[in-house]
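Engineer: Build me a model from this:
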Amino acid sequence: MRGAFTYLRRLLLASIVCVLGAAALTYAVDPLQLFRSSPRAFYSDDTRVQNAGLIRSQPFDTAFMGTSLAIHFRQSDIDRALDVHSLKLAMTGSNSRQQAFVLERAIAHGAKRVIWEMDDFIFVDAADIETDPYLSVDLYRGTAKGIASYLFSAAMAKESLFTLLRSVPPLRQPLTRAAPYLPVKFALSDVDDIYALPRDFDIARDYNATKTLASFAYITAPSRSRFLGESYGFEAMVRHFEQDAVGLIARHPEVTFDIYFPPYSILQFVAMRDASPDTLKIVTDLTAVIAQRLTQLPNVRLHDFRGIKAVTHDLNNYGDVIHHSPVVDAMVLKWLAGGEYRVDPKTPTASLEQLKAQVEVYRLPKP
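Structural biologist: Presented below is the predicted three-dimensional model:
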């Protein structure tokens, strides 16, 4: 009996030593750079986690926020086009609660300008930020709970060990080359590469009219068209817009907000016109409210890129009905820098009316 008790005690002590050792390793290596910045750090495409470390470790004066429509921008391109020192914080599939929360942290750490890709979908009803299962608010806030979850995470211990091994000179090059193919998240050696497409990416292969038209056929099929309006409710979306977007902007009059409506392909709106007209009405009514409201705020510049026919009607610019190619990314930055598509506060819905007119008369190209 005494032998069994001794064995259990040793096992318990060994477990405690292992857990504390793993926590010490994570603290020392700090893969997220929560405690200190590192010139040898590696980065992850898991932006909801990675952003917490970027905000604390990177120098920046401008925060770039959005969904998957803004995820492939490179910080170096943003900096060059807009003459800023940016931090890309875009998160695929993110909602306005998540975006506003992350932006609030970025502003607290020095952002004086926010460039915000804003689309209607982000305002769908979703979990409150305090109970959001996909974003650790405690990690961003640096609370005891958040720090503990980081230090005592087995996943972070694994990442720390791999980072430590990569710091050994003979192992650095082979492990860095192998990292994208191994079960590790922190595989990127350059912050500019976070969720960016490779520089030799074949754009024509993944962005072309064939893919765009196939996507249109898929989402408008009778068995799937009901999903076009899933989670869309006008009153709830307006409420989230007021709480998350307007609330954030009003709390920070010292910050300049460049907000833009992204250049969806015309087929996104035609799909709603043909298969879910109630959804199209919600979208247009919502964006009318957004345009009218934002253009009255003194620290906001609103840009609307949805009606630029040379881009949105060229289906070769898209990989589906909404996601545009890196070629259009460069155009977006040029438009933001030039300001030619800035919404006039005197006529806030003029660009929306142009878009509605385009959607009404548009006919699909014949095969």
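Engineer: tell me the pLDDT at the closest residue in space to D30 that isn't next to it in sequence?
Structural biologist: Counting by Cβ to Cβ, 6 or more residues apart in numbering, R36 is the residue found nearest to D30 once chain neighbours are left out, at 6.1 Å. C-beta: built from backbone N, CA, C; applies to glycine. As predicted, R36 sits at a pLDDT of 91.
Engineer: so R36 makes contact with S57?
Structural biologist: Yes. Counting by Cβ atoms under 8 Å, S57 is a contact partner of R36 at 7.5 Å.
Engineer: between those two, who's got more neighbours?
Structural biologist: S57 (19 against 10; other Cβ atoms under 10 Å).
Engineer: ok, now which ones touch that one?
Structural biologist: 33-34, 36-38, 41 (Cβ atoms under 8 Å, 6 or more residues apart in numbering).
Engineer: Pull out the buried positions in the one helix or strand in the chain whose mean pLDDT sits lowest.
Structural biologist: Averaged element by element with mean pLDDT, DSSP states H and E, the chain has its least confident helix or strand at helix 2-29 (a mean of 80). Neighbour-count burial for helix 2-29 flags 22-23, 25-27, 29 (criterion: 16 or more other Cβ atoms under 10 Å).
Engineer: Kindly indicate which of those residues lies nearest P133.
Structural biologist: Using Cβ to Cβ, T26 is the member of the buried residues of helix 2-29 that lies nearest P133, at 22.4 Å.
Engineer: contacting residues around the closest one?
Structural biologist: If you count contacts by Cβ under 8 Å, 6+ apart, then T26 has 150-151, 153, 156-157, 160 around it.
Engineer: Closest one to L355 out of those residues, please.
Structural biologist: Taking Cβ to Cβ as the measure, L355 lies nearest Y150 of those, at 44.5 Å.
Engineer: and after the host helix or strand of that closest one, which helix or strand comes next?
Structural biologist: Under DSSP states H and E, the secondary-structure element containing Y150 is helix 144-151. Per DSSP H and E, the first helix or strand lying C-terminal to helix 144-151 is helix 154-166.
Engineer: Can you get me a residue count around I71?
Structural biologist: 22.
Engineer: Assign a three-state SS to it, would you?
Structural biologist: Going by DSSP: H, G, I helix; E, B strand; the rest coil, the secondary structure assigned to I71 is coil.
Engineer: what about it, distance to R199?
Structural biologist: 16 Å (Cβ to Cβ, to the nearest Å).
Engineer: swap in S37?
Structural biologist: For S37, the distance to R199 - Cβ to Cβ - is 25 Å.
Engineer: just P345 next, same as before
Structural biologist: Counting by Cβ to Cβ - P345 and R199 are separated by 39 Å.
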